[in-house]
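J.: just coords:
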């Protein structure tokens, strides 16, 4: 018998050992690999951690530079439109301003910037007490041949570092110059019924109250709706945080309270506001839109307020020729597509909540009483009202920043040969001898129950003026006249108190009342013979006129109330065919536009900027640009119908013809006129944010 | 076996750090779009205003002193599965001319400087009974407009 076991053992001699060695090697290799992998994992994660910190530093740097662009001493230019050549000229000043700004860093090692012709690079800036650092580099485009961006754009790279990690972020900024406000001024702003604002509002002056007064557009249409509006505003005062005049349906507590009080989001826009009550009142078939039929008063057969309907339906107008109309624009229906808000934009107020409340406490009122209607900021995360707004929010409104000499040069003999016919006067400095309608004695403001003075005026009637200049002390009435080209009004620039130049509005009032003979009385007709204010100023009235170009004036050192005051009454209409950048540039002149008695009169469209010492607009007008009020002497800027007296603040009775309407819309596509000497802006283009330098 | 345990510990540490980084990013993301000052009360206070809770924090400094355990995601929702982690947030004003400053509290909270340094610290503990230890820390700067 053969021992197979022995034979078998002999045949497999050493095989197990080989296997064992093989497995030992394999296990060793796997262990080493596992160790290497684990170590690499930890190293990778640490790298990730450092990279994240480097990215956070770079992100901080980009935000920091955007902030510094707002706060650094940016160069000024009187040029209104920043084009490639203007930007190229500005770049050395911008570069220098950045360098100077960086030199103000507290830590010496962070002050020195590296400057080349095309760029400025900061030192390494520490974010915290750890190794987080960033370096900022600002370059002007174009960065390379074929760069789509030109000299108007700056390229900012922020390179963050932490340890051995580095991350770079970049974003482009644009050199620009824009007003950025629908309405901005030094005196309180009043928005009357049917006055709808699209764009930001600014009122930086402290101590003038209320800084803004906005009336509901929906009160006094029907008693039932008035009650609902009042109840809703009382609800807001009691239960709502904020001053936007609306309750978000996503705010569970406020929304539930509103529903318990009987208010709901009728139009389904996720906010409960006055428009929901308006819709509930008039939308008879519950289709979330109001037709003209539904808004017709059955007892009169007329719309309850045709101007309100039109104002709401006209919101969101095209910005420029060729701009497509929005859905629902002037379609004869009021619905969500119209995007109604009392103010579609942020409000910047210099005062604080506390200071305003303190001012109102004695009257038994609250801020909510002053601000009715929804205020909708463009950014859902932004506050509707920014209190404590300062110079970084609102540009310097000093009249000294306005140079109107460019407009003057486009009038009178400087513009060309003078010519006069009975019906057309061209390139002429107008004098009283040119008047063809005798004289008229009338109070100013015209038709107001609280007039300030009486003027004896030369009357110009049925004349076309082309590029004419109105001489100082003319104080004329222009009736049924047409103004083509540029019109320039001469004023005394040096307003004095005693023998000293003054910027005080109260001294300006004294200056206006200064008499050559006799004593001032509001009922005494002022003439060049008895009044210094008459002889040195220009109180003008334009009645039933057509103004087809910009009207500008000299820039007095102070606001003078009635001595430098222009009124546009009757059916005076602005139809600016000459210069789309500006309609009125009169930094210290009081402007009264529209009728105190009949708001349906004086329909106008004002394009570009409207710069005035103060302005009151009643009637039916569209402002497609910006209203800038530089004077600080008037009681308020009144936009819309507030009654037959300057002191009225809550008109109840609808005047003959309705309340009128004002659509004030900031138009960012319009260039500024030349002559406004404010710093350029350097604005982030957020859609150019990217990781990496290019 | 010890080597295997060491490797597992290494992997675990890497995993914890990765999670901590993400949780710190959640804080940064949760504050990214918030305004610098309270939309209603402006710069009058520092930290959350009366009546505000995490869900209704509406400006950056509301997050000062926030401690989240379980931690939150970028939508401010609790992540219960990561309850071993804790997010601690501090917000302090810093000079825009010295972002790395105010490490000693020389600029009081509530002082308006136009700049805030936000620091997110993520802590970790293996068991509830154990003290939490810092796993990750990062800072970034927020500025007013």
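T.: Right, received. Where do you want to start? Keep in mind that this is a model prediction, so the values were computed, not measured.
J.: what about the residue in the stretch 251-400 of chain A positioned nearest to chain B, distance to residue A:66?
T.: Across the stretch 251-400 of chain A, the shortest distance to chain B (Cβ to the nearest Cβ) belongs to residue A:383, at 3.0 Å. Where C-beta positions appear, they are placed from N, C-alpha and C, glycine not excepted. Applying Cβ to Cβ, to the nearest Å, the value for residue A:383 to residue A:66 is 19 Å.
J.: more neighbours: which of these two?
T.: Taking neighbours as other Cβ atoms under 10 Å in any protein chain shown, residue A:383 and residue A:66 compare with residue A:383 leading, 23 against 19.
J.: please report how far that one lies from residue B:38.
T.: 8 Å.
J.: again, but for residue A:362
T.: On the measure of Cβ to Cβ, residue A:362 and residue B:38 end up 26 Å apart.
J.: same check on residue B:114?
T.: 15 Å.
J.: what about those two, which has more around it?
T.: The neighbour comparison of residue B:114 against residue B:38 (other Cβ under 10 Å) goes to residue B:38, with 25 against 19.
J.: can you pull the contacts of the nearest residue to the more buried one once chain neighbours are set aside?
T.: Distances taken as Cβ to Cβ, 6 or more residues apart in numbering or on different chains put residue B:59 closest to residue B:38, at 4.7 Å, once the chain neighbours are dropped. Going by Cβ atoms under 8 Å, 6 or more residues apart in numbering or on different chains, residue B:59 touches B:34-39.
J.: now the element after the worst-scoring helix or strand of chain B on mean pLDDT, going C-ward?
T.: Least confident helix or strand of chain B, by mean pLDDT, DSSP states H and E, is helix B:2-32 with a mean of 87. Next along the chain after helix B:2-32, taking DSSP states H and E as the criterion, comes strand B:67-68.
J.: quick check: neighbours of that next one in the sheet, parallel or antiparallel?
T.: Here strand B:67-68 is paired, per DSSP bridges, with strand B:85-93 (antiparallel).
J.: for chain A, tell me whether the helix or strand following the partner strand is touching it.
T.: Using DSSP H and E, the helix or strand that follows strand B:85-93 in sequence is strand B:115-124. Yes - judged by Cβ under 8 Å from any Cβ of the partner chain, strand B:115-124 and chain A are in contact via B:115, B:117, B:119.
J.: out of those residues, the closest to chain A would be?
T.: Closest to chain A, out of all of these and judged by Cβ to the nearest Cβ, is residue B:117, at 6.4 Å.
J.: and the closest one, what does it touch?
T.: By Cβ under 8 Å, 6+ apart, the neighbours of residue B:117 are A:127-128, B:91-94, B:99, B:102, B:139-141.
J.: so what's the residue count around the residue lying closest to it once chain neighbours are set aside?
T.: Leaving out its chain neighbours, the residue that sits closest to residue B:117 by Cβ to Cβ, 6+ apart is residue B:94, at 4.8 Å. Burial measure for residue B:94: 24 neighbouring residues, criterion other Cβ under 10 Å.
J.: any idea how far residue B:94 lies from residue B:116?
T.: From residue B:94 to residue B:116 the distance is 7 Å (Cβ to Cβ).
J.: now do the contacts for residue 80.
T.: With no chain named, the answer covers chain A. A:177, A:581, A:671-676.
J.: ah, I was thinking of chain B
T.: Applying Cβ under 8 Å, 6+ apart, the residues contacting residue B:80 are residue B:70.
J.: report pLDDT for it.
T.: pLDDT for residue B:80: 94.
J.: dump the residue contacts of whatever residue of chain B ends up closest to chain A.
T.: Closest to chain A within chain B is residue B:39: 3.0 Å, counting by Cβ to the nearest Cβ. With contact set as Cβ under 8 Å, 6+ apart, residue B:39 has these partners: A:242, A:382-384, B:58-59.
J.: quick check: the two most widely separated of those?
T.: A:384 and B:59 (14.3 Å; Cβ to Cβ).
J.: where exactly do the helices run in chain A?
T.: Taking DSSP state H as the criterion, chain A contains helices spanning A:4-11, A:15-71, A:84-102, A:223-239, A:252-260, A:274-282, A:306-313, A:353-361, A:367-370, A:405-408, A:505-513, A:532-536.
J.: which other helices and strands does the last one contact?
T.: Counting contacts by 3 or more Cβ pairs under 8 Å, 6 or more residues apart in numbering or on different chains; DSSP states H and E, the secondary-structure elements packed against helix A:532-536 are helix A:505-513.
J.: tally of neighbours for residue 33?
T.: Looking at chain A here, since you left the chain open. 11.
J.: meant chain B, my bad for not saying
T.: For residue B:33, using other Cβ under 10 Å, the count is 10.
J.: got a pLDDT number for it?
T.: As predicted, residue B:33 sits at a pLDDT of 86.
J.: related to what we said a few turns ago, reformat the residues of strand B:115-124 next to chain A as CSV; add pLDDT and distance to residue B:78.
T.: Rendered in CSV, the data for these read as follows (pLDDT from 0 to 100; distance: Cβ to Cβ, whole Å):
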residue, pLDDT, distance to residue B:78
B:115, 94, 30
B:117, 96, 26
B:119, 95, 21
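J.: about what we covered before: what pLDDT is listed against the residue of chain B closest to chain A?
T.: Predicted confidence (pLDDT) for residue B:39: 72.
J.: also residue A:631?
T.: For residue A:631, the model assigns a pLDDT of 88.
J.: for it, what are its contacts?
T.: A:186-187, A:399, A:505, A:559, A:587-588, A:590, A:612-614.
J.: now do residue A:55
T.: A:160, A:167, A:169.
J.: try it again at 7 Å.
T.: A:160, A:167 (Cβ atoms under 7 Å, 6 or more residues apart in numbering or on different chains).
J.: returning to what we had before: just the contacts of residue B:117: which has the poorest pLDDT?
T.: residue B:102 (89).
J.: any idea how far that residue lies from residue A:64?
T.: Distance from residue B:102 to residue A:64, by Cβ to Cβ: 15 Å.
J.: equivalent analysis for residue A:253, please.
T.: 37 Å.
J.: who has more neighbours, those two?
T.: For residue A:253 versus residue A:64, the count of surrounding residues by other Cβ under 10 Å is larger for residue A:64: 22 against 12.
J.: was I right about that one contacting residue B:141?
T.: Yes - contact criterion Cβ atoms under 7 Å: residue A:64 and residue B:141 qualify, at 6.0 Å.
J.: need the overlap of contacts for these two.
T.: Joint contacts of residue A:64 and residue B:141 (Cβ under 7 Å, 6+ apart) are residue B:99.
J.: give me the below-cutoff pLDDT ranges for chain A.
T.: Residue ranges of chain A with pLDDT under 70: A:1-13, A:381, A:595-603, A:643-658, A:693-694.
J.: burial count for the nearest residue to residue A:208 once chain neighbours are set aside?
T.: Sequence neighbours aside, residue A:188 is the residue nearest to residue A:208 in space, at 5.2 Å (criterion: Cβ to Cβ, 6+ apart). Other residues near residue A:188 number 20, with proximity taken as other Cβ under 10 Å.
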